[in-house]
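Chemist: Just to be clear, the model below is a prediction. Sequence and coordinates:
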Amino acid sequence: MGKAFGAVAGVGAVASLVAMKKTWDPLPSVKAAGFTTLDMTIYPEGELITEKWRGKPIFVLKKTAAMIAKQTESQKARDIVVGDSHFMIAIGLCTHLGCIPAYIPADESFLCACHGGMFNWAGEVTKVPPPRAFDIPPFKIEGTSLVLGEVGPEFQAMKDSGITL
Amino acid sequence: MAHFTKATSVKDWLNQRLAIEKVEKVMASEYWIPKNINFLWAMGMVLAITFALLLVSGIFLLMYYQPDVKDAFYSVNFTIMRDVDYGWLWRHVHGVAASVVFLIIYIHMFTGIYYGSYKKGREMIWVSGMLLFVTFSAEAFSGYMLPWGQMSYWAGMVITNIFSLGGLHLDGLVEWIRGDYVPAQAFLTRFFMLHVLLLPLAIMGLIGLHFAALRIPHVNNQDGEEVDFDAEAKKYLAGDKAGSKVIRFANDFMSKDLMVVGFFLIFFFYLVFFQYGFALDPVNFDPADGLKTPAHIYPEWYFLWSYEILRPFSVNIGLLAFGFAQVIFVLLPWLDRSPNAVPASRRGAFSVWFWLLLIDMIVLTAMGKLPPEGMFSTIGLVAAVAFILLWVALPFITMNEKKV
Amino acid sequence: MKNKEPLILVVVVAFTLLTYWLVEPYAHSVMHKHVESEHFAYADLKPVAKTGNVASGKELVTGAAACTGCHSIEKEGMPAAMDAVSAAASYGVNPPDLSNAGAIYDAKFLANLIVNPAHALKVEHKFDAAKGQSHPMTAFFGAGGDAEQEVADMVSYLQSIAVKPEEVTPKMAYENACGRCHAVSYEKWTQVGEKPAFKFEKESLAFDIQVLEYQEHLTKYMGKLPPDLSMYIRSRGEHFISTFIENPQAHLEGTAMPRVGVTAEAAEKVIEYLEDAGDTKRHERESLGKSVLIYSVIFAIFALLWKKQVWKDLH
């Protein structure tokens, strides 16, 4: 009977562990804030819009026809196509020390005020010190929307080919 | 029911109920310690005193600290450092003691390794000591989060990321630990709980176990001599104190302990008031900012050697090496195959092994702090591989050791 | 038996010091660029060759369309043309009051600033004349006479109205040279001035809104909001701050922060202000530290004597 009593006590203990584990889970409000759905039809061409995802700024730049026409192979690899629109979407932090670069429409480029690093409209480094192009957040294309935080096949392909971390 | 008589004194009253005379004998006046020990045997007492300093200073910090991401930095750097009378003192004592406690732990550990104090019935002392090391590490890390400065935030980010276990991509586990996608409110409050409640409880329990584990096998000595405690105790009690090989824990051993504590406190308070920069990292006086990474992210000095074992390898191999480094010390009593429980200086190849391990860990510590570039990363890689090889070689080195 | 304790102590101390040296002084010397102080000599700037005349300087500074068009000189009863927020909207940052400029800023720096602001401030990477970018402070091209003499006159005038250099207080130096961009919240300092204790929350919020508006303009002008310096004395240290003030570009090439051109004495005052904000208890720490160390030595001596007494019979 002692063993049976021990087993019953064990069941209770394990059951309480479930509650303890669940209590440590991220709260629903936190989880809800972890996925940001962007309606990709609203962005104007050639204008930088900054969105926010998991506490980070997200750059969204809908490419102009001229930009699409002049894309090199490496720039095409970073291109995110939703419907028939092409986008540069990236985490808006300089890959050097994490400052937020400013977009200069006249030059179609980004300038980081901290240490003078520069990126082009496709998100590639044009002037050091940044060690690599802008990082791309995990995304999944759903029709004309983009869900940030979910990994879709397009993002997985970019990750596998080392285009982004 | 036991028979109680009318007490003749307060002591007698207590004695009938708590057996204080017996406890005093077992734990102090007839707790026999070998006489041939040096000041390294006082490190246990130094650690107990340092832990007391941490506990007391922590209590006063706790009275003003606010575990809220918006207020934490302010409550530490304004309220405690500027407003509260002597608040700055508690913080300096707490921060410096947290760093110095690891220096003493390492000295204590290497003393144990050098003199073979983990052998012949002393295995549990070693194992409970290593468990204390692990809980102290967790305590130090969780405490480091609380000021919510740049180093708190980014160390929290980098260290919790380790739990994704590289190629396994356990991002869910990382998020579970953090309670969020990034270190934020849930993260700070749970580490606060760990730091002020759960881990101190665990530490106090383990300290009890550590002391208890020592009582039966008794303290080791610096000559590897097997002392017949009963015979020597008889000699002592018969009045031949000078001829006996043992001394009482109190006051004989304790007086020496406290003398070492006295000298230690001079060193400790010098650090608290005049040389605190190593323990209170300047970078952590910048408030946490998830949008700005510091130029260099490094753990506190006492974690550097294991951090450097993680760093020079590719992600998955690094994690395996890191995991190896975390558990291998615990296994020391079983990896050392030699029957000798004597100082390393009399153990031939083991002596070489001991000094190589010590130097290797200092090299790892230095490389762990330096930026992983060029020569530094090469040295770091060599030292990390050497660390693993040293431990793999230990059973083979000690297997053929001659009995001394 | 030979006493091994001294040797053991030497070994423990040696390994401890070696580890300390490797992870602290050595590692930090590798990680951080060391910038030597130039003692606020501003050697790259042209020296003031002429002796200035205060009276003609006054006419040039306070004349129509001159300095006082944008800068106030409160001391001489000349208020600012605009409040701080409107000034920031127009110029990016509120132009400093010139009452004590002659005491806070180096004379050579002032002379060069008047002639070519972007050059003296070392922000030519931001305001490149070739690209048609001009600094919000208009350069002085001369008032018709000998331009070099005129500049010397203006500097002399500013020096004549300022307090004596030794009378510059830490607050005065900080507020004028740094405080229009950098808040110090622990001293209640905002970019538009010290936040008073308001009776009503509404007034307090209105003040905060002013600060936010100012910061918006400033952010646009600087590229990012300059940091609050409350804890900089602990996070950066005296040497870094001092050499950074002297020449920001030497530490952070391309930074938007201008060289402000303070004198060595004024820089010391700025440091003192930051110490009062972020390390208020430094004097208490040092004096208490001495007492505690003396006590610790006494404690150790008594511990030693007791041990000797207890161990007398044991040897």
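Modeler: In hand now; what should we look at? Every value quoted in this text rests on a predicted model; they were computed, and no experiment measured them.
Chemist: ok, the residue lying closest to B:K241 once chain neighbours are set aside - how many residues close by?
Modeler: Excluding its sequence neighbours, the residue lying closest to B:K241 (CB to CB, 6 or more residues apart in numbering or on different chains) is C:D313, at 4.7 Å. For glycine as for every other residue, the C-beta is placed from the backbone atoms N, C-alpha and C. A total of 11 residues lie near C:D313 under the criterion other CB atoms under 10 Å in any protein chain shown.
Chemist: if I look at C:D313, how far off is C:L305?
Modeler: Between C:D313 and C:L305 the distance, using CB to CB, to the nearest Å, works out to 15 Å.
Chemist: How about C:F299?
Modeler: The spacing between C:F299 and C:L305, counted by CB to CB, is 11 Å.
Chemist: residue ranges of the strands in chain A, please?
Modeler: Remark: strands assigned in chain A by DSSP state E are A:36-39, A:48-53, A:56-62, A:80-82, A:85-91, A:102-104, A:109-111, A:118-120, A:125-127, A:139-142, A:145-148.
Chemist: is chain C contacted by the helix or strand harbouring B:S255?
Modeler: Using DSSP states H and E, the secondary-structure element containing B:S255 is helix B:254-274. Yes - counting by CB under 8 Å from any CB of the partner chain, chain C is contacted by helix B:254-274 at B:255-256, B:258-259, B:261-263, B:265-266, B:269-270, B:272-274.
Chemist: and chain C, which of the strands of chain A is closest to it?
Modeler: For the strands of chain A, proximity to chain C was assessed by CB to the nearest CB; strand A:102-104 is nearest, at 6.1 Å.
Chemist: count of neighbours near the residue in the stretch 51-200 of chain C that chain A sits nearest to?
Modeler: Nearest to chain A, among the residues of the stretch 51-200 of chain C, is C:H125, at 7.4 Å (CB to the nearest CB). Neighbours of C:H125 under the rule other CB under 10 Å: 14.
Chemist: Kindly report the same for the one 4 residues further on.
Modeler: C:A129 sits with 13 neighbouring residues when counted by other CB under 10 Å.
Chemist: B:V246 now?
Modeler: 29.
Chemist: ok, now which ones touch it?
Modeler: B:W32, B:I33, B:P34, B:K35, B:V227, B:F229, B:E232, B:A233, B:Y236 (CB atoms under 8 Å, 6 or more residues apart in numbering or on different chains).
Chemist: next one: A:G55
Modeler: Neighbours of A:G55 in contact, by CB under 8 Å, 6+ apart: B:Y181, B:V182, B:A184, B:G290, B:L291.
Chemist: give me phi/psi at it?
Modeler: Dihedral angles phi and psi of A:G55 (degrees, to the nearest 10) take the values phi 80, psi 0.
Chemist: Also B:F303?
Modeler: For B:F303, the backbone dihedrals (degrees, to the nearest 10) come out as phi -100, psi -10.
Chemist: With the one 3 residues further on instead?
Modeler: Backbone torsions for B:S306, taken as degrees, to the nearest 10, come to phi -80, psi -30.
Chemist: what's the longest helix in chain A?
Modeler: Among all segments of chain A classified by DSSP state H, the helix with the greatest residue count is helix A:2-24.
Chemist: Then chain C?
Modeler: Among all segments of chain C classified by DSSP H, the helix with the greatest residue count is helix C:282-311.
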